[in-house]
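[1] need a structure here:
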Amino acid sequence: MIDAKRRATSIPQRPDVTKLAVTVVGAGIVGLWQARVLAADGHAVRLIDESAVPFASSASRWAGAMLAPDCEAELAPPEVRQWGHEGLRLWRAAYPDLVCNGTLVVAAARDQAELQRFETRTAGGCRIASSTFAELEPELAGRFSSAIYFANEAHMNANAALHWLLQSARDGGVEVSFDTTSVGDARLVIDCRGMAARTDLPTLRGVRGERIVVAARDVRLVRSVRLLHPRQPIYVVPQGEDRFVVGATVIEREDDQPMTVRSALDLLGSAYALHPGFAEAAIIDMGAGVRPAFPDNVPRISVVDGGRIIRVNGAYRHGFLLAPVLAHAVSDYLATGQRHAAFV
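    Predicted coordinates for the structure are as follows:
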């Protein structure tokens with residue numbers, strides 16, 4: 001198991017910052033990064049969450065936790081890719097258990113048009129032939145005629161990373177309170193509640209993401225793999241200890257109801273198409289979360305109530321990728337008044 005108590009790489013303190021009493025609301029991936037960075041700036045930070053159990057109501061726990069700014073360029077606006085590269089750099093500098101093996105994108109023979117389309121809409125990848133699979137993912141050799149390899153991307157175990165960030169925040173002096181919604185008399189509130197903030201952010205919408213965790217002793221993959229399909233592309237992310245996350249990232253529905261039989265069959269069938277070793281995999285967990293998104297799928301930071309409340313929301317499916325960027329954007333704003341492009 002990954003030890004959540006492994007020491008974090010420290011963030012350089014900013015001696016010129018006016019120290020504030022800050023309450024961060026929402027202990028998902030965005031709130032955790034906010035708390036960690038603001039505490040490193042010397043602010044007195046309190047992190048609260050309505051859940052009694054850490055991450056129980058957070059969409060972050062359902063994430064595939066891929067740091068893939070170049071792959072995301074297929075559908076994302078240019079700023080997401082630009083900020084994503086910065087997010088990847090910040091994760092590399094901070095998190096000791098980041099797996100930096102890149103991303104492999106493949107498609108079945110009948111879906112080669114999807115691979116070509118993906119290649120034309122992304123950057124940073126290189127087309128590789130079937131013979132190269134033997135070097136990157138030997139167990140996929142011979143199953144696909146070609147692929148696109150994004151060497152500079154990374155992934156992590158979402159659950160382990162969330163617990164590590166929580167411990168890192170505590171180690172940095174953050175007061176953490178679960179099962180509470182009271183901000184008390186905080187001079188500054190950083191609102192990172194995701195979909196729970198919808199009444200205050202009427203343009204926010206929910207995007208459902210579904211994933212299944214399996215234990216597959218007959219599968220040996222060391223990097224994230226995306227299997228393209230015209231109807232529902234999937235991703236498979238290694239988590240260590242023979243475990244893999246199999247997921248679909250973009251479903252335009254807002255309900256967080258349990259996964260349907262059809263969805264489970266689609267995901268598992270696609271995983272089997274990627275690698276027949278998934279046929280004997282044990283299902284460990286399955287479920288769905290609803291991620292917050294604005295109409296353009298770009299996160300936003302807004303300052304309201306005379307500067308007392310800063311809302312950080314709308315990370316869409318890029319929460320893990322962009323959370324550190326948004327945290328440093330708020331940090332810079334508090335220190336210098338400079339507004340990152342994510343501010344509105």
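[2] isn't residue 280 right up against residue 219?
    No: between residue 280 and residue 219 there is no contact, the gap being 9.3 Å when judged by Cβ atoms under 8 Å. To be clear about C-beta, it is placed using only N, CA and C from the backbone, and glycine gets the same treatment.
[3] what's the lowest-mean-pLDDT helix or strand in the chain packed up against?
    Of the helices and strands making up the chain, the lowest-confidence element is strand 243-251, at a mean of 84, by mean pLDDT, DSSP states H and E. Under the contact criterion of 3 or more Cβ pairs under 8 Å, 6 or more residues apart in numbering; DSSP states H and E, the helices and strands touching strand 243-251 comprise strand 205-215, strand 234-240, helix 261-274.
[4] tell me which of these lies nearest to residue 103.
    Checking the helices and strands packed on strand 243-251 against residue 103 by Cβ to Cβ gives strand 234-240 as the closest, at 8.7 Å.
[5] for the closest one, the distance to its chain's centre please.
    Distance of strand 234-240 from the chain centroid (Cα atoms, centre = their mean, to the nearest Å) equals 13 Å.
[6] look up how far residue 63 lies from residue 150.
    Counting by Cβ to Cβ, to the nearest Å, the gap from residue 150 to residue 63 is 18 Å.
[7] same check, this time on residue 209
    The gap separating residue 209 from residue 63 is 7 Å, by Cβ to Cβ.
[8] of the two, which one has the most company?
    For residue 209 against residue 63, the residue with the higher neighbour count under other Cβ atoms under 10 Å is residue 63, and the figures read 28 against 21.
[9] ok, and the closest non-adjacent residue to the more buried one?
    residue 158 (4.5 Å; Cβ to Cβ, 6 or more residues apart in numbering).
[10] so what's the residue count around the one you found?
    Residue 158, neighbours per other Cβ under 10 Å, totals 23.
[11] and it, what does it touch?
    60-65, 245, 320 (Cβ atoms under 8 Å, 6 or more residues apart in numbering).
[12] go on, residue 26?
    Residue 26 makes contact with 49, 58, 191-194, 196, according to Cβ under 8 Å, 6+ apart.
[13] export those residues as JSON lines, with columns for neighbour count and distance to residue 259.
    Formatted as JSON lines, the entries for these read as follows, by neighbours: other Cβ atoms under 10 Å; distance: Cβ to Cβ, whole Å:
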{"residue": "49", "neighbour count": "27", "distance to residue 259": "24"}
{"residue": "58", "neighbour count": "25", "distance to residue 259": "18"}
{"residue": "191", "neighbour count": "24", "distance to residue 259": "29"}
{"residue": "192", "neighbour count": "32", "distance to residue 259": "26"}
{"residue": "193", "neighbour count": "24", "distance to residue 259": "24"}
{"residue": "194", "neighbour count": "28", "distance to residue 259": "20"}
{"residue": "196", "neighbour count": "20", "distance to residue 259": "22"}
